[in-house]
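> pasting a predicted model and its sequence here:
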Amino acid sequence: YVGIVALTLAALAMACSWKTKEVRIFFALGIAGLLLAMARNDVFHGILYSILPLFEKARSPGVALYLFHFAIAVLAAFGLDALFLPAARPLVRRGAMVAAGFGAITLVVIFAVQMGRALNWNFDDRVMMSTLAAFALAAILYRVSRMPAGAVRYGLLALIAGLYLIEIGNVSLFALPNKEEKDRYVYVKNYAATEAAAKFLREQPSPIRVDVNGEDVPFNFGDWYGIDTLSGYAASLPDAFQQLEAHTTRAKMLFGANYALSKKPTMEGQQEVFRDDNGLIVFKNPNVLPRVWVVHEGIQVKDAKEARRRLQDPAFDLQKKTFGYAPPPPLEQCEGDTIQRFERDAGATMVTVDMKCRGMVVMSESDAPGWTAWVDGKKAPIYDAYTMLRGVVVGPGTH
C-alpha cells in the first residue's frame, strides 16, 4: 500500500541511520503493525488475542496497518534526510541498482503472463505502476549518487515526492466510487438520501432513540449522524441484549425506541411525523418507556427463556417491575417518584430523582463490567435490570 518509493526510502533510513534511536523505534512499530494486520496469517495476533483484555474488540485486525503506515512515513523522512549524505552515496547507488532490477524482473513477469494469456490480461493493471515507479526511482537515485559531495538538488527531492504521490494515488483514491459506477455509488447516495430525516430527528426533544430499518437504510445511520439507534453495525454487543430478542415490539418499548426510520410501519399504532422526498418516513412509536424510570418490584428469572417470556407477557408491567438472574434487592411499594433531570454522554450518565420510598432507578442503557455508580457521592452497586440495563437502588428523598 505504500509503494516502491516509500519502502526504498525507509530501507535507506535503516541502512544509514540504524544507530539513531527513533529509527529503531519506528522500525519496531511498523513491523508490529504489519504483523497485527496479518492476523491469522501469523502467530502473534492469536497470542495477543488470548492474553490481552479488550484486544478482541478490534472489529478488523487489518486496521493495524495504519501503525505500519505511520512508521513508514517517519522512516521515509529519515531516508530523505540521508539521501544526500556523502557517506550514503554507495548505498544510494546500490539502491538504484536494486530498484532497476526490481523493475526489470516485474516487467519480464508481466510480459510473460501477457504472452501466456495471448494478451488477455485478467488482473489488476495497477501493478504496472510499481514497475514504472521502480524504473523512475532508479534513475533519480542514480542521478543523486553521481552528484558532488555535499550538494543538494531540491528538484530531485520534488521529483521523489511527486513520484511517491503518483504511487500512493494509485491505491488511496482508486477505490472511491464515482457517479458513473452505479453499483458502488448506491452507498454514497444513501448518505445524501437520509439527510432530511436525520435533520428532523436532531430537532426533536432529547433523548431520542431510533429503530432503523436496515433494509431501507443499509448503512450505520446512528454512527454517521451521531444519533442514538437501537441497532447498527458494531464490533460487539451484550449477549443479554441478543437474548432478549431486541427486534420485538415489547423489547423496543423497553429500550425506549421512541422513533422508527423506515419506508413502512414497523409496529402497530405508529404515528407518521415526517416523510422525505425519497419515501423514507419517521414514525413516532407509541407506549415506549422513558430513558429513566423507577420500579418498586423485582423478580428473579432462572434463564433467558424465562426472561423472554416475562418480557413478552402483556400482563407484566415493564414500567413497574423488573426481572433479573440475581435475587432482587429489597424494595418498597409506593407511587409518585419523579425524574427531575437526565444527562448522558459516551462515558457517563447522570440522573436527579425525587423518591417517595426505596426503589430502583433504571436507565435504559446497557450495563457492562467497568461501569461504576455513585449516589450522592457514595459508591453504589449496579443491578442488571431486565438482565441487561443499569439499575441503582436509592431510598426516599432527592438523590
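In hand now; what should we look at?

> where does the stretch 151-300 of the chain dip in pLDDT?
For the stretch 151-300 of the chain, the stretches with pLDDT under 70 are 151.

> tally of neighbours for residue 218?
12 (other Cβ atoms under 10 Å). For the C-beta atoms, the positions are set from N, CA and C on the backbone; glycine is no exception.

> just the one 3 residues further on next, same as before
Applying other Cβ under 10 Å, we find 25 other residues in the vicinity of residue 221.

> contacts only, for it.
Counting by Cβ atoms under 8 Å, 6 or more residues apart in numbering, residue 221 touches 194, 198, 210, 212, 227, 229, 232, 261.

> narrow these to those in strands?
Here DSSP state E is the test, and these give 210, 212, 261 as lying in strands.

> need these in a markdown table with neighbour count and distance to residue 326, can you?
Shown next, in a markdown table, are the ones in strands among the contacts of residue 221 (neighbours: other Cβ atoms under 10 Å; distance: Cβ to Cβ, whole Å):
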| residue | neighbour count | distance to residue 326 |
| --- | --- | --- |
| 210 | 28 | 31 |
| 212 | 25 | 32 |
| 261 | 25 | 36 |
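
> got the contact list for stretch 45-56?
Stretch 45-56 has contacts (Cβ under 8 Å, 6+ apart) with 35, 36, 38, 39, 40, 61.

> try it again at 6 Å.
Residues outside stretch 45-56 that contact it (Cβ atoms under 6 Å, 6 or more residues apart in numbering): 36, 39, 61.

> ok, and the most crowded of these?
Most surrounded of the contacts of stretch 45-56: other Cβ under 10 Å gives residue 36, at 22 neighbours.

> report the contact partners of that one.
Going by Cβ under 6 Å, 6+ apart, residue 36 touches 45, 61, 64.

> residue 3 now?
So residue 3 contacts 167, 168 (Cβ under 6 Å, 6+ apart).

> low-confidence regions, the stretch 1-150 of the chain specifically.
In the stretch 1-150 of the chain (pLDDT under 70), the answer is 149-150.

> on that earlier part again, what about the contacts of residue 36, which are in helices?
Counting by DSSP state H, these place residue 45 in helices.

> quick one, helices of the stretch 151-300 of the chain?
Here the stretch 151-300 of the chain has its helices, by DSSP state H, counting those that start in this stretch, at 154-172, 182-193, 195-202, 221-225, 239-243, 249-254.

> okay, buried residues for the fourth one please.
Neighbour counts over helix 221-225 (16 or more other Cβ atoms under 10 Å) mark 221, 222, 225 as buried.

> what about the closest residue to the second one other than its chain neighbours, neighbour count?
Computed as Cβ to Cβ, 6 or more residues apart in numbering, the closest residue to residue 222 that is not its neighbour in sequence is residue 229, at 3.3 Å. Using other Cβ under 10 Å, residue 229 is surrounded by 20 other residues.

> most tightly packed of the helices of the stretch 151-300 of the chain?
Most buried of these, by mean neighbour count (mean count of other Cβ atoms under 10 Å): helix 249-254, with a mean of 20.

> now the ones in strands among the contacts of residue 221 as JSON lines including distance to residue 361?
Listed next are these as JSON lines, based on distance: Cβ to Cβ, whole Å:
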{"residue": "210", "distance to residue 361": "24"}
{"residue": "212", "distance to residue 361": "28"}
{"residue": "261", "distance to residue 361": "29"}
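
> right, I'll call it a day here.
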